[in-house]
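> Sequence unavailable; structure follows:
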């Protein structure tokens, strides 16, 4: 509908996930018409990012060198590994400031429909990390959905070995949520995982 | 939260309108991890767009040369001008295929709160286009909100001259809408603009 480069910009923006035709148009006009906005840096970063980004050889997290900043950090506890699906889950857990161990990024979850089995995930690398006995606890923090649960079940069976504790993040009612609006599966989990109140 | 270039990409994406921190993160990971997606063209277009894009010297629409594709088109009716706020409104009206005249893009609407008066809009250029008497009708198609209405009122007074018909797009119930859910202003306009049914 537009001439030349503006339409090309709209088309390219529309290929990004979650950016529909209307958003692409709005963003394109912002880029073209807002004098205070400079698209140069975004252009440069897009050109460089694929070449510059690396994944940590130990945990699979986003890194700039061989190891990510967490694996490089000597203050992290090396005996606990938290297993997540994606690098963005690492960031979500880091935000809680509750966890001081290391991570292992699987690169997805087991999903037969999408053709993703254990071999497509970084599971062999995880087993290798457990070989020397440094790690005494593995916390499985895959997503609380069908694929995440299947992956957690698979891992919890695979990782059974003496001296290794394997746990799974608690499921239950979200804090600040409303019991009335919780779905039945979550509410069921909350019952299942109920804790004795200590006096 | 991320290292180096990935964080920079998230930050730059987050500066685009309508892209929040979560979307920026999701888009960034898509760009970094999806092998089938190539960000090269988006990077190039972003670098070029500011230099390449022009605005039509006659109507103010997005153009690649001196005149936009509509002003260049000899099949368009030069006696009718439709006045809109933004170039994207031209596209919206073109989609209806109802209008065969030319456009005039104001570049916004009168908004004292944002410091935009008639002088900040392309109103002088509009008056100049009406000077030689070719144009016999001006259709004001500013947005149906406070600023758009103010601009329409201002223009309809300014443009009074013999031999020139000035009209405003009809307000009323949106087609396919539900009367019950129409806001009272729209419903009021629908009554005000009611038409006699012809037999």
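Cool, got the structure. Owing to the predicted nature of the structure, the values given are computational and were not obtained by experimental measurement. Numbering: from 1, shown residues only, chains lettered A, B, ... in the order given.
> name the element the closest residue to residue A:134 other than its chain neighbours belongs to?
The shortest distance from residue A:134 to any non-neighbouring residue, by CB to CB, 6 or more residues apart in numbering or on different chains, is to residue A:78 (5.7 Å). All C-beta atoms are positioned from the backbone trio N, CA, C, and that covers glycine. For residue A:78, there is no helix or strand it lies in under DSSP states H and E.
> what do you get for residue A:2?
Counting by DSSP H and E, residue A:2 is found in no helix or strand.
> Make sure it is actually in contact with residue A:21.
No. Using CB atoms under 8 Å, residue A:2 is not in contact with residue A:21; the gap is 11.8 Å.
> Looking only at neighbour counts, state which of those two leads.
For the pair residue A:2 and residue A:21, the greater number of neighbours falls to residue A:2 (25 against 12), based on other CB atoms under 10 Å in any protein chain shown.
> residues touching the closest residue to the more buried one other than its chain neighbours, list them.
Leaving aside its sequence neighbours, residue A:2 sits nearest to residue B:62 (CB to CB, 6+ apart; 5.7 Å). Neighbouring residues of residue B:62 by CB atoms under 8 Å, 6 or more residues apart in numbering or on different chains: A:2, A:3, A:6, A:32, B:53, B:54, B:55, B:56, B:68, B:87.
> what about the last one, how many neighbours?
The number of residues packed around residue B:87, counting by other CB under 10 Å, is 24.
> Phi, psi for the nearest residue to it once chain neighbours are set aside please.
Spatially, and ignoring its direct neighbours in sequence, residue B:87 is nearest to residue B:62 (4.7 Å; CB to CB, 6+ apart). Torsion angles at residue B:62 (phi, psi; degrees, to the nearest 10) stand at phi -60, psi 140.
> sorry, back to before: okay, and the common contacts of residue A:2 and residue A:21?
residue A:10.
> Just the ones in helices from the contacts of residue B:62, please.
A:6, A:32, B:87 (DSSP state H).
> per-residue confidence for the last one?
This means residue B:87. You'll see residue B:87 listed with a pLDDT of 88.
> give the contact list for it.
A:2, A:29, B:55, B:60, B:61, B:62, B:105.
> got it, and the second one?
Listed by CB under 8 Å, 6+ apart, the contact partners of residue A:32 are A:6, A:9, B:49, B:50, B:53, B:62.
> In those residues, find the pair that's most separated.
Across those, the two members that end up farthest from each other (CB to CB) are B:50 and B:62, 12.7 Å apart.
> got the buried residues for the helix or strand bottoming out on mean pLDDT in chain A?
Here the helix or strand of chain A ranked lowest by mean pLDDT, DSSP states H and E is helix A:184-192, holding a mean of 79. Residues of helix A:184-192 classed as buried by neighbour count (16 or more other CB atoms under 10 Å in any protein chain shown): A:186, A:189, A:190.
> If anything else comes up later, I'll come back, but that's it for now.
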